[in-house]
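S.K.: predicted model and sequence below, questions to follow.
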Amino acid sequence: MFSTALAALTAVKDQHGRQRTKLKHVAARGDGDDLKSVLAACIPAEQERLRGIKTAHGSKVLGEVTVDQALGGMRAIPGMLWEVSLLDAEEGIRLRGHTIAELQIPSNEQADSVSAELRRRAELPDHVFRVIGALPPGTHPMTQFAAAILSLQPDSEFAKAYAAGLPKAKYWEPVLEDSLNLIAKLPAIAAAIYRHSFKGGRFIDPDPSLDWAANLAHMMGFDDEGCREMMRLYLTIHADHEGGNVSAHATHLVGSALSDPYLCLAAGIAGLAGPLHGLANQEVLKWMFQVQKQLGPDPTKEALEAFVWDTLKAGKVVPGYGHAVLRTTDPRYTCQREFALKHLPDYPLFKLCSTLYDVVKNPFPNVDAHSGVLLQYYGITEEDFYTVLFGVSRALGVLAQGVWSRALGFPLERPKSLTMELIEKRFSGHP
């Protein structure tokens, strides 16, 4: 079943080479069992399913919208279809119906097919390195990331096909091609940015014997097997988190205008760069370093509890705790904790993270409460780069949805906006 393979490929560790990605929707070519063929086979049924939903339920009300919601970032307003994942307040994220714990690797043949296809597409054009190198010294890694992605846009298969008059029913095919080409190149882009920004521009070639995540770590300059495994985990659990977050929604919105995947992902990366979205794990680390500075590297539970209360009484929050949707411990936190208990149980920063988990029971920890700890342990200490890694992973989910959006014929997104005057008039009783 394609939906199972779709979710499973998010977690593929990839046992073959260069720029191999955990891509979970876009396909490889083969003899009928590759992802593109499976996708092509299941699209008609999904199109019919959507038509059935429109016919049976098109006039039904999904929910009410309050003024507070309209003024408060449109939180919890049900207003878009997102097939790749669904966030449950009690269970956490489900990717194509599967929880993090349920994700499975597809058949070896499917994994090999995707690996070979992405290896074929992985080579990074020389001009991308020139674009990165031409930016002013000190340019933020996320700015470099967006610029590098945009520099690949002239090769967009969708842009060319649309200009040539491609029928709407076939839009998904070149979007698929663009998504494959782009995701295949993201590890090399990310590693080039890292080496350019923090290692004097000394680039490292990919190793074709390594899997996708391991190759990203290798090209960054980290060849410890534990770091490779951590990178696999990190890039799996950040892949998607419903469609309403800034990076996902920005990518979706721009895609609804039939912008190609390069333009769409660049928009999503710009949103991810914002401090209210992609910098959360950095805020967690700043707070934890402050704790260690004041209480020492391994504070007692009692001392940490007092520090937490001082934080809260000062009108501040404990970074990494609480979530807009989740009302339980984030499963993405849990799998990181399990990894740390196995690989770095005595690391002081993890011991602090673990003690904090015992102290703060409500609100519950989210993914960001732990991810920075793992990166720090393996020597990836350049915190400004963390959001680039987040972006490499998030591309998998948003571009997967982009293929589905075109396959299902989603329209241009155009919500209704209001003015303060209109709201005042509507509820004041005066015309």
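M.R.: Done, it's in.
S.K.: just want the phi and psi numbers for Ala270.
M.R.: phi -60, psi -40 (degrees, to the nearest 10).
S.K.: which ones are touching it?
M.R.: By Cβ atoms under 8 Å, 6 or more residues apart in numbering, Ala270 lies in contact with Met142, Ala146, Ala250. (Each C-beta comes from the backbone N, C-alpha and C, glycine too.)
S.K.: closest to Val360 among the residues you listed?
M.R.: Nearest to Val360 among these is Met142, at 29.3 Å by Cβ to Cβ.
S.K.: roughly how far apart are that closest one and Ala270?
M.R.: Distance, Met142 to Ala270, using Cβ to Cβ, to the nearest Å: 8 Å.
S.K.: check Val246 too.
M.R.: Val246 sits 9 Å away from Ala270, taking Cβ to Cβ as the criterion.
S.K.: quick one, what contacts Leu418?
M.R.: Leu418 neighbours (Cβ under 8 Å, 6+ apart): Ala70.
S.K.: swap in His277?
M.R.: Contacts of His277 by Cβ under 8 Å, 6+ apart are Asn245, Val246, Ser247, Gly271.
S.K.: count the neighbours of the first one for me.
M.R.: Using other Cβ atoms under 10 Å, Asn245 has 21 other residues around it.
S.K.: again with the second one
M.R.: By other Cβ under 10 Å, the residues close to Val246 number 17.
S.K.: for it, give me phi and psi.
M.R.: Phi and psi for Val246, reported as degrees, to the nearest 10, are phi -60, psi -50.
S.K.: please verify my assumption that it contacts Ala273.
M.R.: No: contact criterion Cβ atoms under 8 Å: Val246 and Ala273 do not qualify, at 9.6 Å.
S.K.: one step back: report the buried members of the contacts of Ala270.
M.R.: Listed as buried from these are Met142, Ala146, Ala250; burial here means 16 or more other Cβ atoms under 10 Å.
S.K.: need the three-state assignment for the first one.
M.R.: Going back to what we said before, that points to Met142. Following DSSP: H, G, I helix; E, B strand; the rest coil, Met142 is assigned to helix.
S.K.: surely it and Thr387 touch.
M.R.: Yes: between Met142 and Thr387 there is a contact under Cβ under 8 Å: 5.4 Å.
S.K.: shared neighbours of those two, anything?
M.R.: Common contacts of Met142 and Thr387, defined by Cβ under 8 Å, 6+ apart, comprise Leu272, Ala273, Gly278.
S.K.: what is the burial count for the first one?
M.R.: Spelled out, that is Leu272. 27.
S.K.: in the stretch 51-200 of the chain, where is pLDDT below threshold?
M.R.: In the predicted model of the stretch 51-200 of the chain, residues 104-105 satisfy pLDDT under 70.
S.K.: what segments of it are helices?
M.R.: 67-71, 108-121, 126-134, 141-151, 157-163, 172-198 (DSSP state H, counting those that start in this stretch).
S.K.: so which elements touch the third one?
M.R.: Identification of packing neighbours for helix 126-134 by 3 or more Cβ pairs under 8 Å, 6 or more residues apart in numbering; DSSP states H and E yields helix 141-151, helix 172-198.
S.K.: most tightly surrounded among these?
M.R.: Comparing these by mean neighbour count (mean count of other Cβ atoms under 10 Å), helix 172-198 comes out on top with a mean of 24.
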